[in-house]
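> Give me coordinates for this.
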Amino acid sequence: MSEMIAACMRRLDQSLEYVEKAVGKLPEEKIWFRPRPKMNAIGNLCLHIAGSEYQHLVSGIGNQPVIRDRPGELLETGGHSREELLTLLRSVRAESWSVVRKLTAADLEQVVTITYPENSGVDSYQWSIQKVLIGAAEHYSYHTGQIVYAAKWLQEEDAHLLNWKHYN
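This next block holds a predicted model:
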């Protein structure tokens with residue numbers, strides 16, 4: 001496996017670990033708390049990053065059918081427990097790894113089509129596998145930061161979720 005592929009997957013795995021720690025510290029009801037009606041809850045962000053990863057890595061690179069309801073990910077108001085969300089994220093990651101393990105450095109320049117479900121109103125687009133991997137890691141990391149920040153804000157105690165101490 002090329003260093004670029006390995007680096008993207010390491011970043012995705014690290015982000016998943018952060019999400020697991022952040023979500024694991026919250027009471028169930030806070031996972032679906034929205035600070036404002038049009039803002040996303042942590043649960044929405046979990047559904048969203050799982051859907052995006054599946055669409056780009058499993059479907060786009062792995063040629064599996066597109067199974068995603070992007071608007072539904074962000075409109076959901078509950079119905080998924082902490083464990084269900086984490087199981088979904090872990091399951092998608094396992095599928096992503098099974099796709100990515102087969103890639104070589106020569107595959108990185110190959111262009112794949114990223115498609116959306118027919119009813120989404122969004123067109124497909126074409127990206128190189130390298131761009132898909134970098135974009136997926138970047139997107140997941142961005143939303144991981146939101147999840148960790150929100151979890152710190154919503155937690156019962158004032159603890160460092162990721163054991164990073166920037167002050168005493």
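
> Now A94: which helix or strand?
Assigned by DSSP states H and E, A94 belongs to helix 82-100.

> typo on my end, it should be A50
Using DSSP H and E, A50 falls in helix 42-53.

> Just want the angle from that helix to helix 82-100.
Following axes from the mean of the first three to the mean of the last three C-alpha atoms, to 10 degrees, one obtains 20 degrees for the angle between helix 42-53 and helix 82-100.

> Surely Q64 and H56 touch.
No. Using C-beta atoms under 8 Å, Q64 is not in contact with H56, being 11.2 Å away. (Glycine included, C-beta is placed from N, CA and C.)

> okay, these two: which has more neighbours?
With other C-beta atoms under 10 Å as the criterion, Q64 and H56 differ in neighbour count, and H56 comes out ahead with 23 against 14.

> Could you verify that the more buried one is part of a helix?
Yes. Secondary structure assignment places H56 in a helix (DSSP: H, G, I helix; E, B strand; the rest coil).

> Enumerate every residue touching it.
Contact partners of H56, counting by C-beta atoms under 8 Å, 6 or more residues apart in numbering, are 114, 132, 135-136.

> Please spell out which residues along the helix holding A94 are buried.
82, 85-86, 88-89, 92-93, 95-96, 99-100 (16 or more other C-beta atoms under 10 Å).

> Out of these, which comes closest to A6?
V100 (9.1 Å; C-beta to C-beta).

> so how far is L108 from the residue positioned nearest the centre of the chain?
For the chain, I49 is the residue whose C-alpha lies nearest the centre (C-alpha atoms, centre = their mean; 2.6 Å). Per C-beta to C-beta, to the nearest Å, I49 is found 23 Å from L108.
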